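K.L.:
I would like to see how this sequence folds:
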Amino acid sequence: MKMKVSRRVWSALALSTLAMLAGCDRTGPSYTVIEEPEKVVFLSARGNRSFEIGQRLLLTQLMGGNAGFELDIQDAGLDAALQGGQLQAAIAAKPFAILLDPLQPKDLQGQVRMAEEAGILVIGLGQDSADLDCRTYLYTDQKKLGQKVGELVIAALQAKAQESGQTETVGRVVEIRGDEQTPDCQHLHEGFESALTAAPGVILVHDAPGDWTQKGGQERAQDALRLQHTFDIVFAQDDLMALGAAEALKDRRNDLMIIGINGFRGPQGGTTLVDDGQIDATVYQPMLVDFAWLLLKKKAQDPKFIPKPSYEMTFRTILPKDVNDIYRNGLPALPEL
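P.N.:
Prediction:
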């Protein structure tokens, strides 16, 4: 996908006057000065995921109002070799900046070094961008995020145990991963699983990938119901899969908690789904590109600006009681530049 934003033309219209009388000085012709827009290339890893769709839409919206930039979005579709070729072509085009969500970061180190030596600002997106050795990268710690979901699960099951007069926290939990290839999914799973160890009576009974789609979430929830018969909580690694699980389990929703991740606003966004009661909780995950946009503007305004080596973004849980606060006060603040 390629999106070009029209360039604002800074023109100084000087009047060129021809001498009417002999001996008058002549003013040479003036020219309209057109400043080229700063080109930014966004190389995504898998653009059909709801998170990356959100990234693309947000970045397009932010940059679309600024004629000083031109945005080119390309997607690798989980093909590391394709992404390497996209990066090579992007470097050859000599853009102002490259935003890179890497599939195999260590394999891209040489190209990233080449880009930065050519004066291109490379901003890594995601936790594994630490292995790119680029100037700066933005991330949300996926293991911490998974741990937060696990803590939310334990708290919910503790409350359930207290209500029923039980002394031990017990429960059966289903996890629907996005996929089995990307490191973020594994980091989320590891954090989630580690948090569950705090309550030995809480057991992860089913774990399968839903391919980041609503249909995938629905099918995996149906599989879990067929194989496990009973469980207390479903954790899906994004809100769209959580919505699919909720649809599959609609007849059991009175005694079943469903948790997603992303927390977007708007139709089928996690915050809206929680507010509407379609899912029970989500965890807001920053989209990173909004902060990348701040870095791009700062660098364009001040070429001497040097970003910090990394910026960690803040996530937060969203339960029904939190929705009004989100709408009133917004999401967690971005870091200082």
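K.L.:
Sticking with residue 224, tell me its helix or strand.
P.N.:
For residue 224, the host element (DSSP states H and E) is helix 214-228.
K.L.:
Using PDB, write out the CA atom coordinates for that helix.
P.N.:
C-alpha atoms of helix 214-228 as PDB (Å, rounded to 0.1, in the frame of the first residue of the first chain):
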ATOM      1  CA  GLN A 214     -12.700 -13.100  14.600                       C
ATOM      2  CA  LYS A 215     -13.500 -16.300  12.800                       C
ATOM      3  CA  GLY A 216     -10.300 -17.900  14.200                       C
ATOM      4  CA  GLY A 217     -11.200 -16.900  17.800                       C
ATOM      5  CA  GLN A 218     -14.700 -18.300  17.300                       C
ATOM      6  CA  GLU A 219     -13.400 -21.600  15.900                       C
ATOM      7  CA  ARG A 220     -10.700 -22.100  18.600                       C
ATOM      8  CA  ALA A 221     -13.300 -21.400  21.400                       C
ATOM      9  CA  GLN A 222     -15.600 -24.000  19.800                       C
ATOM     10  CA  ASP A 223     -12.600 -26.500  19.800                       C
ATOM     11  CA  ALA A 224     -11.900 -25.700  23.400                       C
ATOM     12  CA  LEU A 225     -15.500 -26.300  24.300                       C
ATOM     13  CA  ARG A 226     -15.600 -29.600  22.500                       C
ATOM     14  CA  LEU A 227     -12.300 -30.900  24.000                       C
ATOM     15  CA  GLN A 228     -12.400 -29.400  27.500                       C
END
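K.L.:
which residues sit against that helix?
P.N.:
Helix 214-228 is contacted from outside by 172, 174, 176, 205-206, 208-210, 231, 234, 236, 240-245, 247-249, 252, 268, using C-beta atoms under 8 Å, 6 or more residues apart in numbering. Every C-beta, even on glycine, is put in place using the N, C-alpha and C of the backbone.
K.L.:
let's see 7 Å
P.N.:
Identification of contacts with helix 214-228 by C-beta atoms under 7 Å, 6 or more residues apart in numbering yields 172, 174, 176, 205-206, 208, 210, 231, 234, 236, 240-245, 247-249.
K.L.:
Over to stretch 267-285?
P.N.:
140, 145, 148-149, 152, 239-240, 242-243, 246, 257-266, 315-320, 323, 326, 331.
K.L.:
try it again with 8 Å
P.N.:
The contact list for stretch 267-285 (C-beta under 8 Å, 6+ apart) reads 51, 140, 145, 148-149, 152, 214, 239-240, 242-243, 246, 257-266, 315-320, 323, 326, 331-332.
K.L.:
residues contacting the residue nearest in space to the middle of the chain?
P.N.:
Centroid-nearest residue in the chain, with C-alpha atoms, centre = their mean: residue 287, separated by 3.4 Å. The neighbours of residue 287, taking C-beta under 8 Å, 6+ apart as the test, are 51, 54, 55, 58.
K.L.:
can we see that at 10 Å?
P.N.:
Contacts for residue 287 (C-beta atoms under 10 Å, 6 or more residues apart in numbering) come out as 51-52, 54-59, 125, 138, 140, 262, 264, 313, 331.
K.L.:
Write a ChimeraX command that selects only the buried members of these.
P.N.:
Selecting only the buried entries of the contacts of residue 287 in ChimeraX, with 16 or more other C-beta atoms under 10 Å as the criterion:
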select :51,52,54,55,56,58,59,125,138,140,262,264,313,331
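K.L.:
just curious, which of the contacts of residue 287 is nearest to residue 300?
P.N.:
For the contacts of residue 287, the minimum distance to residue 300 (C-beta to C-beta) is 15.2 Å, reached by residue 59.
K.L.:
burial count for the nearest residue to the closest one once chain neighbours are set aside?
P.N.:
Among residues not flanking residue 59 along the chain, residue 289 sits closest, at 4.3 Å (C-beta to C-beta, 6 or more residues apart in numbering). By other C-beta atoms under 10 Å, the residues close to residue 289 number 25.
K.L.:
What does the pLDDT read for residue 289?
P.N.:
Confidence at residue 289, expressed as pLDDT, is 98.
K.L.:
how much space between it and residue 334?
P.N.:
In this view, residue 289 and residue 334 are 11 Å apart by C-beta to C-beta, to the nearest Å.
K.L.:
Among the contacts of stretch 267-285, which ones are in helices?
P.N.:
Members of the contacts of stretch 267-285 lying in helices (criterion: DSSP state H): 51, 145, 148-149, 152, 214, 239-240, 242-243, 246, 323, 326.
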